[in-house]
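Engineer: kindly generate the corresponding structure for this input.
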Amino acid sequence: MRAIVVNAHGDSSALELAEIPDPVPGPGEVLVDVAASGVNFIDVYRREGRYRTKLPLVLGSEGAGTVTAVGQGVADVVPGDQVAWADVLGSYAEKAVIPADKAIVLPQGVSPDLAAAVMLQGLTAHYLTHSTHQVKPGDDVLVHAAAGGMGLLLTQMAKLRGARVVGTVSTPEKEKLARQAGADEVFGYDDFPERVKELTGSGAHVVYDGVGASTFEGSLASLRPRGLLALYGAASGPVPPFDLQRLNQAGALFVTRPSLGYYTATREELVARADDLLGWVASGAINVHVSRRYPLAEARQAHDDLEARRTTGKLLLIP
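Structural biologist: This is a model prediction of the structure:
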């Protein structure tokens, strides 16, 4: 089969299109013909070596497709099922082996293409708005990069829970997308802490920050006393070390660096979040914006476009 392989950490030139042996499902695993694979910043981090992973590796953390074979002991998934997954390596390929307990059978009304675009970011947005901070009616929520794949989903989920959402974006086109997703106020990154404080009076209850180094200080300054900064990514680079005493001085603030694996640690938790997410997608309560689809061979271009912030919404690779 064809797959995107990383043999050495580096920039997008480290992504190599290669012919490798077809995978075989072992006990508790399923083999899937991949219909689409989502492109995410975690793939960039693994390619760069920021997230250490044994090399060589087939990149890709989410996807969807049709089950073609199952390993010993698998009963809940059968050949012919359409499934999706997240937080599993190996999706930038024509075929992938997935642990059966990570495979989510798709409901009617959700295509593999759509599922591949929403699983990783949608599950992340779910735990951020329902668990890391349980968004309540009337909460003031700041979402950075509000027109990106994560930003659009965070905005919609926070609105479903009754929040007032403030988004930051970098262009008028992105402002339009963020407002279409339900953001109440949208502005650029210049002086955003002052604008948030002016709008809310005392600051945001929670800031969802996937940008990292360039927004971190402003995110802290945007919080009300006892507010929470959920730093779920670092698109602009990692945040430098800082003195924790500053959190006390700024109003007994909270900072957390969560990740999907700890919020889908059991099959039951994964299924509960996925049922919510895919149910909203099927009903139209959550809209998924796919901005570009690339052939598998153009994975380098997809990474370049993602890192240069030339995109909105979700990027997909199509084997």
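Engineer: secondary structure element for the residue lying closest to residue 113 once chain neighbours are set aside?
Structural biologist: Closest residue in space to residue 113, ignoring its immediate chain neighbours: residue 36 at 4.9 Å, by CB to CB, 6 or more residues apart in numbering. In short, each C-beta sits where N, CA and C put it, glycine included. Residue 36 is part of strand 29-39 when elements are defined by DSSP states H and E.
Engineer: just checking, what packs against that strand?
Structural biologist: strand 62-70, strand 95-99, helix 112-127, helix 299-307, strand 314-318 (3 or more CB pairs under 8 Å, 6 or more residues apart in numbering; DSSP states H and E).
Engineer: check those for me and report the most buried one.
Structural biologist: Neighbour counts (mean count of other CB atoms under 10 Å) averaged over each of the helices and strands packed on strand 29-39 peak at helix 112-127, with a mean of 26.
Engineer: now do the buried residues in the helix or strand following that helix.
Structural biologist: For helix 112-127, the following helix or strand on the C-terminal side (DSSP H and E) is strand 140-143. If you call a residue buried by 16 or more other CB atoms under 10 Å, then strand 140-143 has these buried ones: 140, 141, 142, 143.
Engineer: contact partners for the last one?
Structural biologist: Under the criterion of CB atoms under 8 Å, 6 or more residues apart in numbering, the contact list for residue 143 reads 151, 154, 155, 158, 165, 166, 167, 168, 178, 183, 208.
Engineer: circling back: flag every buried residue along the strand holding residue 36.
Structural biologist: Residues of strand 29-39 classed as buried under the neighbour-count rule (16+ other CB under 10 Å) are 29, 30, 31, 32, 34, 35, 36, 37, 38, 39.
Engineer: tell me the strands beside that strand, with direction?
Structural biologist: For strand 29-39, the paired strands and their directions (DSSP bridges) are strand 62-70 (antiparallel), strand 95-99 (antiparallel), strand 314-318 (antiparallel).
Engineer: residue 258: which of the ones you listed is closest?
Structural biologist: When the strands paired with strand 29-39 are compared by CB to CB, strand 62-70 sits nearest residue 258, at 17.3 Å.
Engineer: for that closest one, the averaged confidence score.
Structural biologist: Average pLDDT, strand 62-70: 98.
Engineer: using PDB, list the CA coordinates for it.
Structural biologist: In PDB, the C-alpha atoms belonging to strand 62-70 read as follows (Å, rounded to 0.1, in the frame of the first residue of the first chain):
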ATOM      1  CA  GLU A  62      -7.400  10.300  12.800                       C
ATOM      2  CA  GLY A  63      -9.300   8.900   9.900                       C
ATOM      3  CA  ALA A  64     -12.400   7.000   8.700                       C
ATOM      4  CA  GLY A  65     -13.100   4.200   6.200                       C
ATOM      5  CA  THR A  66     -14.600   0.700   5.700                       C
ATOM      6  CA  VAL A  67     -13.600  -2.300   7.800                       C
ATOM      7  CA  THR A  68     -12.200  -5.100   5.600                       C
ATOM      8  CA  ALA A  69     -11.000  -7.600   8.200                       C
ATOM      9  CA  VAL A  70     -11.000  -8.100  12.000                       C
END
